[in-house]
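Student: Sequence below, structure please.
(chains A and B)
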Amino acid sequence: MTLAVQFRHRFPGLSLDVDFSAPSPGVTALFGPSGCGKSTIVTVVAGLLQPDEGRTEVDGKVLADSRTGVWLAPERRRIGLVFQNARLFPHMSVDANLRYGARRVPADWPGGSPIAFDDVVDLLGIAPLLSRRTSGLSGGERQRIAIGRALLCRPHLLAMDEPLASLDGPRKAEILPFLARLKTALRLPILYVTHSLDELGILADTAVLIERGHVVAADTVPALTARADVLLAGRVDAGSVLETSIAEHDSKRGLTRLVCGGASIFVPLTDGAIGMPLRVRLPAREVFLALSDPGRTSVHNVLPGTVRVIRREDKSASALVEVDMGSVSILSRVTEDAVQRLGLAPGSPVVAMIKSMAIDTLGPQTEKSAAM
Amino acid sequence: MTDFLTPDEWGIVWLTLGIAGRSVALALPAAVAFAFLLVRVRFPGRSLVNAFAHLPMVLPPVVVGWLLLLIFGLRGPVGAWLHDWFGIRLVFTTAGAALACAVMSFPLMLRTIRLSLEAVDPGLEQAARTLGAGPVDRFFSVTLPLAAPGVLVGAIVGFASSLGDFGAVITFAGNIPGRTQTLPLAIYTALQTPGGDATAARLSLVSVVLAVTGLLGSEWLGRRLLTLIGR
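Tutor: Residues are numbered from 1 along each chain as shown, chains lettered A, B, ... in the order given. Reported below is the predicted structural model:
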């Protein structure tokens, strides 16, 4: 564990009581609805807000501890912070912005990954922008430069506060691949604040769910997304994320077979070497349930399991069913009527089915997250 | 061109410019420091300090001059100390005239600089902080450059107003030709002298030219700097 955060703080409308740790390297998402306090957590970690009491530790180094009176100023913490709205210095060129933090690394600073200027520029694809001023840049370009600037101060932790929230769809799609590359290229813990399930599914290894200033659950992304009893499941776009690896490509049938904890999952033909880890998401409302194998259907994925939890949602007369398939679980959203007709209860054996076309592939993962 | 004014009159113009320059040099750092204090630092009695700093703007200049006499006069608390320890005398000297101008133009400079500091996004200072910049570093690398247009315009406004101060200078520094007799004082003296109308007119014209140059210069510089810092 390289990042350990515990603090209590009281605002007029919200009191926070937070305790979590984040593994390194890897991306830990702070996930929750807006106003739940997840951005506050980042400002506390970075030292921009001093909480009423608490403790922050990175890489075994105590940055703040209210009991012993330790409080390191933000400028002495070397935490690369990427703000929601980039906050580039308007009176400097892109190049000067990027080097601002790098110039201020103390000579005796041992930690952080010493990442070369050219590598960062390359990784983020910002070479053509270096001599430009910041005023004419697009939102996506600004955010990439902000990320580069934070990386170049040789941080021992990178914290991103909804870096994509202020961007529209196409701009988000432009940055996501860079973030995914960052994740594999850096040996750093990354704290990533988001309320987007897409970003969570694509980028995060572990997630800390925050609700009204409190941690409600913390686990790996596959484990959390498959749980019917946490807030993730309450969303219309809920879906379980599975860590799979590519088992075979069948170009004749146009299918790729993935394996995940002994089960085979078919998706439309993708590229990627055999054995390569691949994350997929099974949207809960695309997963159907049956009591027995229905025989000949168009559905490629027929997965036997047992019902673990049923969560009823009064408002929509629907229910979320968590199906345990041995080493992994998946979620299915069905109507309350279907639960009644099939007589589902915890422990009932069921068959979960999902069309191969309905499965979202979320891009390659690091070896590390696949091993988790 | 040089024939337009007599050598004595040129002397008055140069003296006035010199006094205004020293006045800005004296008041500008203080105005920047005060503006920063008022905008960025929360402390008890802030509005009181603010009101006190603006006092020279609302008080009759003669009163300001008299207060300066009380404080910096040879028997005043600061004046006596300066005289005893450093042998510095401010009353009826060029330096004294510069001090009087500085005090009078201070509130004008403070207002301009304060407005431009308020327009600097504190989020940028926070960003600089997380990137490892300490307070002084932050001020000089982020805050001051972003407030530079306001600081420069403030300096020009302060310079222009120093060229024109009358009441405080004549009360504190007197009307000594070649030492404290600035343009407005010389114009006033000329008007009091029989046949001095022509001198007064020429010096007034110089005043107008200086004022217009200052105003145009501040406009141009301000706009230039705004594009430079990318706003």
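Student: Which positions in chain B make contact with chain A?
Tutor: Counting by C-beta under 8 Å from any C-beta of the partner chain, chain B comes close to chain A at B:121, B:123-124, B:126-134, B:137-138, B:141-142, B:145-146, B:228-231. (Each C-beta comes from the backbone N, C-alpha and C, glycine too.)
Student: ok, of the residues you listed, which come out buried?
Tutor: B:124, B:126-133, B:137-138, B:141-142, B:145-146, B:229-230 (16 or more other C-beta atoms under 10 Å in any protein chain shown).
Student: Among the residues of chain B next to chain A, which ones are in helices?
Tutor: B:123-124, B:126-130, B:137-138, B:145-146, B:228 (DSSP state H).
Student: Just send the residues you listed back as CSV, with distance to A:S66 and pLDDT too.
Tutor: Listed next are those as CSV, based on distance: C-beta to C-beta, whole Å; pLDDT from 0 to 100:
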residue, distance to A:S66, pLDDT
B:G123, 26, 94
B:L124, 29, 95
B:Q126, 22, 94
B:A127, 26, 95
B:A128, 26, 95
B:R129, 20, 94
B:T130, 21, 94
B:D137, 27, 94
B:R138, 25, 94
B:P145, 36, 92
B:L146, 34, 92
B:L228, 44, 70
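Student: So which residues on the stretch 1-150 of chain A come close to chain B?
Tutor: Counting by C-beta under 8 Å from any C-beta, the stretch 1-150 of chain A sits next to chain B at A:46-48, A:73-81, A:83, A:85, A:87, A:89-91, A:100-101, A:104-106, A:133-135, A:149-150.
Student: at 6 Å what do you get?
Tutor: Residues of the stretch 1-150 of chain A lying near chain B by C-beta under 6 Å from any C-beta of the partner chain: A:46, A:48, A:74-75, A:81, A:87, A:90-91, A:100-101, A:104, A:133, A:135.
Student: For these, which PyMOL command selects only the ones that are buried?
Tutor: Buried members of the residues of the stretch 1-150 of chain A next to chain B, defined by 16+ other C-beta under 10 Å, are picked up in PyMOL with:
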select buried, chain A and resi 46+48+74+75+81+87+90+91+100+101+104+133
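Student: Just the residues of the stretch 1-150 of chain A next to chain B: which are in strands?
Tutor: Residues from these lying in strands, with DSSP state E as the criterion: A:L81.
Student: could you pull out the strands for chain B?
Tutor: Counting by DSSP E, chain B has no strands at all.
Student: give me the low-pLDDT residue ranges for it?
Tutor: Under the criterion pLDDT under 70, the flagged ranges of chain B are B:1-2, B:229-231.
Student: remind me, longest helix of it?
Tutor: helix B:7-40.
Student: What about the residues of the stretch 1-150 of chain A next to chain B, which are in helices?
Tutor: Judged by DSSP H, these include A:46, A:100-101 as members of helices.
Student: hmm, back to that, what angle do the longest helix of chain B and helix B:122-130 make?
Tutor: Relative orientation of helix B:7-40 and helix B:122-130, computed by axes from the mean of the first three to the mean of the last three C-alpha atoms, to 10 degrees: 80 degrees.
Student: List the buried residues in helix B:7-40.
Tutor: Neighbour-count burial for helix B:7-40 [16+ other C-beta under 10 Å]: B:9, B:12-13, B:15-17, B:19-20, B:22-24, B:26-28, B:31-32, B:34-39.
Student: what do you get for stretch A:35-45?
Tutor: A:36-45.
Student: any low-confidence regions in the stretch 251-372 of chain A?
Tutor: Looking at the stretch 251-372 of chain A by pLDDT under 70, you get A:363-372.
Student: can you pull out the strands in it?
Tutor: A:255-260, A:263-268, A:277-283, A:288-290, A:301-313, A:318-324, A:329-335, A:349-354, A:360-364 (DSSP state E, counting those that start in this stretch).
Student: Which of those strands sits closest to chain B?
Tutor: strand A:360-364 (29.1 Å; C-beta to the nearest C-beta).
Student: Check which helix or strand A:E174 maps to.
Tutor: helix A:169-185 (DSSP states H and E).
Student: is any part of whichever helix or strand comes after that helix close to chain B?
Tutor: Helices and strands here follow DSSP H and E; after helix A:169-185, the next one along the chain is strand A:189-194. No. Strand A:189-194 lies out of reach of chain B by C-beta under 6 Å from any C-beta, never closer than 12.9 Å.
Student: pull the CA atoms of strand A:189-194 into PDB?
Tutor: Presented in PDB, the C-alpha positions along strand A:189-194 are these (Å, rounded to 0.1, in the frame of the first residue of the first chain):
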ATOM      1  CA  PRO A 189       0.000   5.300  -7.900                       C
ATOM      2  CA  ILE A 190      -2.800   7.300  -9.600                       C
ATOM      3  CA  LEU A 191      -5.800   8.700  -7.700                       C
ATOM      4  CA  TYR A 192      -8.600   9.400 -10.200                       C
ATOM      5  CA  VAL A 193     -11.800  11.200  -9.300                       C
ATOM      6  CA  THR A 194     -14.700  10.500 -11.600                       C
END
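Student: Would you format the ones in helices among the residues of the stretch 1-150 of chain A next to chain B as TSV with pLDDT included?
Tutor: Shown next, in TSV, are these (pLDDT from 0 to 100):
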residue	pLDDT
A:A46	93
A:Y100	94
A:G101	90
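Student: of these, closest to A:G272?
Tutor: Taking C-beta to C-beta as the measure, A:G101 is the one of these closest to A:G272, at 35.8 Å.
Student: From A:L16, how far out is the closest one?
Tutor: A:G101 sits at a distance of 28 Å from A:L16 (criterion: C-beta to C-beta, to the nearest Å).
Student: And for B:T199?
Tutor: Taking C-beta to C-beta, one finds B:T199 at 74 Å from A:L16.
Student: higher neighbour count, these two?
Tutor: A:L16 (23 against 20; other C-beta atoms under 10 Å in any protein chain shown).
Student: residues contacting the more buried one?
Tutor: By C-beta atoms under 6 Å, 6 or more residues apart in numbering or on different chains, the contact list for A:L16 reads A:9, A:37, A:213.
Student: what does A:K355 give?
Tutor: A:K355 neighbours (C-beta under 6 Å, 6+ apart): A:V299.
Student: Mind doing that once more with 10 Å?
Tutor: By C-beta atoms under 10 Å, 6 or more residues apart in numbering or on different chains, the residues touching A:K355 are A:266-268, A:286-288, A:297-301.
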